[in-house]
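Participant: Need coordinates for the below:
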Amino acid sequence: MAAPRKQDNIRESIINTCEQLLKEKSFSEISLGEISQICGISKGTLYYHFNNKDDLLFAIMDRYLDQQWQDFLNWTNDESKDTSLHRLIKYVLERDIKTAPMRFHFFFEAISGNEIIREKLLERYTKFAQLIASKISLKSNLDPDYLAWMLLILSDGMMMHDMMKNPMVNTDQFIEMTENYLKKLPIQKKES
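Facilitator: Presented below is the predicted three-dimensional model:
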């Protein structure tokens with residue numbers, strides 16, 4: 001007799017399986033039956049953990065965005081790191097490009113008319129922009145809200161060009177040039 005599985009392990013297995021499948025195909029091409037078969041569980045067990053595919057995508061999106069949030073906080077709160085404005089911007093751009101393929105699935109669903117995903121994604125974007133702005137405001141007298149949204153929009157545009165393999169856009173070089181450009185700007189630090 002097989003040992004009983006913990007419910008959390010089953011949920012994580014479902015999420016991990018879907019994430020792996022998303023590396024090979026679009027979300028709409030993935031069926032819950034395929035996921036349950038790979039996980040070695042019944043569809044009923046899958047439905048116990050996720051009412052529908054959207055709930056599964058929410059769980060993936062939440063895990064992915066929570067990890068980005070925590071990584072950003074850890075980095076900006078690490079006093080041993082150079083978190084000056086140009087480094088902060090470089091950090092966000094580099095991290096966003098590295099995780100682009102997963103983020104693309106969220107965008108695609110939101111743009112394709114999945115209103116619930118769109119609302120959740122916009123809510124998370126707003127919170128992330130506020131967090132970035134709060135960190136920028138500690139580093140500069142420049143408009144932190146504008147810079148935070150500019151950074152997020154820039155990273156999304158770079159993500160698209162990177163995924164299209166645009167030969168005219170070298171994202172690593174672009175990020176480096178952006179950092180070097182920012183270093184040259186007469187950015188005033190906030191006074192404590």
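
Participant: May I see the domains of this structure written out as residue ranges?
Facilitator: 1-50, 53-184 (automatic domain parsing).

Participant: Go through those domains and pick out the most buried.
Facilitator: domain 53-184 (a mean of 16; mean count of other C-beta atoms under 10 Å). C-beta coordinates here come from the backbone N, C-alpha and C atoms, glycine included.

Participant: Next, the distance between the ends of that domain.
Facilitator: Using C-alpha to C-alpha, to the nearest Å, one end of domain 53-184 lies 48 Å from the other.

Participant: The lengthiest helix in the chain packs against which elements?
Facilitator: Using DSSP state H, we find that the single longest helix of the chain is helix 53-77. Helices and strands touching helix 53-77, by 3 or more C-beta pairs under 8 Å, 6 or more residues apart in numbering; DSSP states H and E, are helix 7-22, helix 32-39, helix 85-98, helix 100-111, helix 115-137.

Participant: Can you lay out those helices as CSV showing mean pLDDT and distance to residue 155?
Facilitator: Shown next, in CSV, are these (pLDDT from 0 to 100; distance: least, C-beta to C-beta, whole Å):
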stretch, mean pLDDT, distance to residue 155
helix 7-22, 89, 20
helix 32-39, 94, 30
helix 85-98, 87, 4
helix 100-111, 85, 8
helix 115-137, 92, 10
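
Participant: I figured residue 110 hits residue 124, correct?
Facilitator: No. Here residue 110 lies out of contact with residue 124, judged by C-beta atoms under 8 Å, at a distance of 10.9 Å.

Participant: closest to residue 174 out of the helices and strands packed on helix 53-77?
Facilitator: helix 85-98 (8.2 Å; C-beta to C-beta).

Participant: centroid residue for the chain?
Facilitator: Central residue of the chain (C-alpha atoms, centre = their mean): residue 65, 4.8 Å from the mean position.

Participant: Now do the longest helix of the chain against helix 7-22, angle only.
Facilitator: 90 degrees (axes from the mean of the first three to the mean of the last three C-alpha atoms, to 10 degrees).

Participant: how far off helix 100-111 does helix 53-77 point, in degrees?
Facilitator: Going by the same axes, to 10 degrees, helix 53-77 makes 130 degrees with helix 100-111.
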